[in-house]
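> Sequence plus predicted model, see below.
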Amino acid sequence: MYRIHNKKQGMTSVYFRLSPYFMLEYQYNSNNWNTASTKFRKIENGHEGFNTIVNDNDSTKITSNVVDNTVVEIENGKYALLDNDSAYFYPNVDSEVAVEDIITPINYDTDYDRIRIHMMSGYNLDDINGFITNIYLRTAKDSVLRLSNFAFDKGRKDLIYFNPKPLRVKQFVFDKYIEYYVPSPEYIISQQISDPSSPNTLAYLFTDGAGVSTARNIYCEYNAIDRTTTENGIIYYHSGENKKISFNTTDEFDLLTADIIENDKGCVEYAAKYDGNPIEDFMFSLNSLAGNSYYIIHDLLIVEQIGESFQETDNINTVQRDDYDSVRKIRPILKYADRATSFSVDYQIRLFNDTDGRSIVKRASISSMNTHLYGEIPIRLNVGGTTKPLKIYNKRYDNVMDVKDNLVNLIKTKITSIYVDNNAIVLNSNNEEIYEIEITPFDNLFKFNLSKKDVDNNTAPVELDSISTYFMSFIKNDNSKLNISEFLSDEFNKNEGQLAFKIVKTQSMDIRNYNNKFFYIISQNPDGLETVLFKGIFKI
C-alpha cells in the first residue's frame, strides 16, 4: 500500500564528470562475493610493467570485469583488446602480455565497489567509438596496480542498461549506464594492514609480493576511443580525450546527512545535518577555509502512487545561504490526493562550493499513506482524539554525490582555449543568405543563435524544445552521415534558441576532406523523425 525505497544502508557514491556526456559513479562496498566462486586473474603487461586484476570468465554476468572486456596499452595511446573468445587472442602474438590465474590459498568474502558510467540522454556516441576506464592503486614500490582496464565499444549494446530512475545533475539527465565491479581498494588496504606479513592477502597476491600503498587514494583514468583498427584479426583502440581523477577510498563527508520527517501537523520537515546536529558550526568551519564559499541547495521530488504506478508530480528547489540552524517546513500539495494510495518525498541536499563548483550530494526519503492530508483543501478527520494519524517512515539513507568537476568547470578548463564561432541565424528570413563557417584542422566549437521574425518584422529567439535531440550533420564521401551531437552546458540555453556543437580535431581532419561542403542543423524527435532547421556551407 505504500512505496518502499529499497536502498542499502551505509552505501555511498561519489560522482565525477568524465566528459560532457559521461558521469562516473563510484559506489563503495556495493557487493560481496567469495573468492571460491568469483576467482581472480592477473594480466601482466610488460610494455607498461603493470599488472591488471580481473575476474575469471565465469564471473562475466557477476562483475563484468573480465578478460574479454579488458585492454592492454602496447604503445602510447594504442590499446589491444583481449578477446578471450576470439581465435585471435592477443597474448598469443605478444610475449610481453600474459594472463594467468591467481590461486588464493584462503577463500575470502571480498568486498566489491561498483563503477557505473552514466550516459546523457539522447547521446549516441557519434563523435567517439567508445571509451576505456581504468581504476588503479599505487603499490608500495610506487608502481601501479590496475583493478580494471575496461573497454566499452559502442557496438556492445549488451553492456548498456537503461535506468528506470535517471540520474539528474542540474538540468542534465543521464538515462543509460554501463557498469562493472572491482575488488574494494579499502578492503585490499585494510586486509594488508591487519596482516602485513601474510603472503595470502590480496595485496600480496595482486602485486607479486610488493604490497599496495597504505595511502587511501583511488585513481581513475578515462580515455575516449577516437579510432578502431583491426590488424591480423586483433582489435586495437586508439585513444583521444583523456581525464584523470583521484579520490578517497572512503566517504570523507560521511557525517553530513539529509534529514526529513513527516510531522503530526500535516507538514514535511527537512534540513541538512552534520553528525545529527544543525550544520551552522559545520558551515562556519568549512567557509573559514581559503577558497571555500559553500551553501546548500535543497531538492524535493514528490512521487504519488496511483494503483501500481508511480508518478512524479512536483519538484521543489530552494537555496539556503544562511540561517543554517533552522529546520524547513513544507506542505506538499498532491495532484492525486483523492485517489493516490501513498506518496513519497525524495530529498536531496547539495553542498555546493561557489568558488570551484564542487558538489557533495546526500539523499534521504520518506513514504506516507496520509494522502488525505495533502490535497488542495486538507480533510479534517474526527478521530475522537484517541488515534494518531498513521505515519509510515522509511529511515534515511546516505548516498553521497561528489561532482568534483561539474560541467561548468569542465567548460571553463577545457574550452577557454578554443575559439567559439558565434553565428546568428534567422530561420524564416526571406533573403538568400548562405551561412558559412570555417572548420580548422583543430578542435572547433560552434554556437548558433536561432531566431525568427514575427509579423511586425521583429526578431525573437526560437524556443527549442528539450525532448528533441539536435545534431550538426555532414555528408561523407560515401554518402553516409556524420552526426555531431549537441554540446550541452549551462552556457548555452535552448530556451533562448542557442545550440552549440563541438567538433574534435580528428573529426575536423575528416570533414575537411569531404567533397560535399554543406552542413545541416537537424532536430530529431523521440520517434526518430528528423527535421532540418537550416543548412550552410563550410570552408577550410
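Yep, it's here.

> Please make it C-alpha for all contacts and neighbour counts, starting now.
Will do.

> ok, which stretches of the stretch 351-500 of the chain are strands?
359-368, 401-403, 420-426, 435-438, 444-453, 459-461, 469-475, 481-485, 498-503 (DSSP state E, counting those that start in this stretch).

> quick one: low-confidence parts of this protein?
1-11, 170, 356-358, 377-434, 455, 466-467, 490, 526-528 (pLDDT under 70).

> what domains does the record give for it?
13-248, 256-397, 415-539 (automatic domain parsing).

> Put together TSV for these, with mean neighbour count on each row.
Shown next, in TSV, are the domains of the chain (neighbours: other C-alpha atoms under 10 Å):
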stretch	mean neighbour count
domain 13-248	18
domain 256-397	17
domain 415-539	15
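
> for the strands of the stretch 351-500 of the chain, which one sits closest to Asn129?
Ranking the strands of the stretch 351-500 of the chain by proximity to Asn129 (C-alpha to C-alpha) places strand 481-485 first, at 12.7 Å.

> closest one to Val345 among the strands of the stretch 351-500 of the chain?
With C-alpha to C-alpha as the measure, strand 359-368 is the member of those nearest Val345 (5.6 Å).

> Sheet partners, orientation included, of the closest one?
Applying DSSP bridges, strand 359-368 is found paired with strand 342-353 (antiparallel), strand 401-403 (antiparallel).

> one step back: reformat the strands of the stretch 351-500 of the chain as JSON lines; add distance to Asp58.
Formatted as JSON lines, the strands of the stretch 351-500 of the chain follow (distance: least, C-alpha to C-alpha, whole Å):
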{"stretch": "strand 359-368", "distance to Asp58": "35"}
{"stretch": "strand 401-403", "distance to Asp58": "32"}
{"stretch": "strand 420-426", "distance to Asp58": "50"}
{"stretch": "strand 435-438", "distance to Asp58": "52"}
{"stretch": "strand 444-453", "distance to Asp58": "45"}
{"stretch": "strand 459-461", "distance to Asp58": "56"}
{"stretch": "strand 469-475", "distance to Asp58": "39"}
{"stretch": "strand 481-485", "distance to Asp58": "37"}
{"stretch": "strand 498-503", "distance to Asp58": "41"}
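
> First-to-last residue distance for stretch 30-45?
One end of stretch 30-45 to the other measures 29 Å (C-alpha to C-alpha, to the nearest Å).

> That should have said stretch 60-69, apologies.
Terminal-residue distance, stretch 60-69 (C-alpha to C-alpha): 9 Å.

> One more: stretch 270-278?
11 Å.

> And the contacts of it?
255-261, 279, 282, 324-329, 349 (C-alpha atoms under 8 Å, 6 or more residues apart in numbering).

> which outside residues touch the longest helix seen in the chain?
Criterion DSSP state H: the longest helix present in the chain is helix 185-194. For helix 185-194, the external contacting residues (C-alpha under 8 Å, 6+ apart) are 110-111, 137, 198, 201-204, 211-214, 216, 218, 249-250.

> Which two of those have the greatest separation?
Top of the distance list for the contacts of helix 185-194 (C-alpha to C-alpha): Ser198 and Thr250, 24.1 Å.

> quick one, phi/psi of Asn92?
phi -70, psi -20 (degrees, to the nearest 10).

> now swap in Asp281 and tell me
phi -70, psi -40.

> Please report the distance of it from Asp85.
For Asp281 relative to Asp85 (C-alpha to C-alpha), the value is 58 Å.

> Ok, Glu252 next?
From Glu252 to Asp85 the distance is 41 Å (C-alpha to C-alpha).

> what's the answer for Asn525, then?
Applying C-alpha to C-alpha to Asn525 and Asp85 gives a distance of 39 Å.

> which residues of the protein fall in helices?
Using DSSP H, helices in the chain cover 185-194, 202-206, 280-287, 407-414, 505-511.

> Can you lay out the ones you listed as TSV showing distance to Tyr270?
Listed next are the helices of the chain as TSV, based on distance: least, C-alpha to C-alpha, whole Å:
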stretch	distance to Tyr270
helix 185-194	33
helix 202-206	43
helix 280-287	15
helix 407-414	28
helix 505-511	48
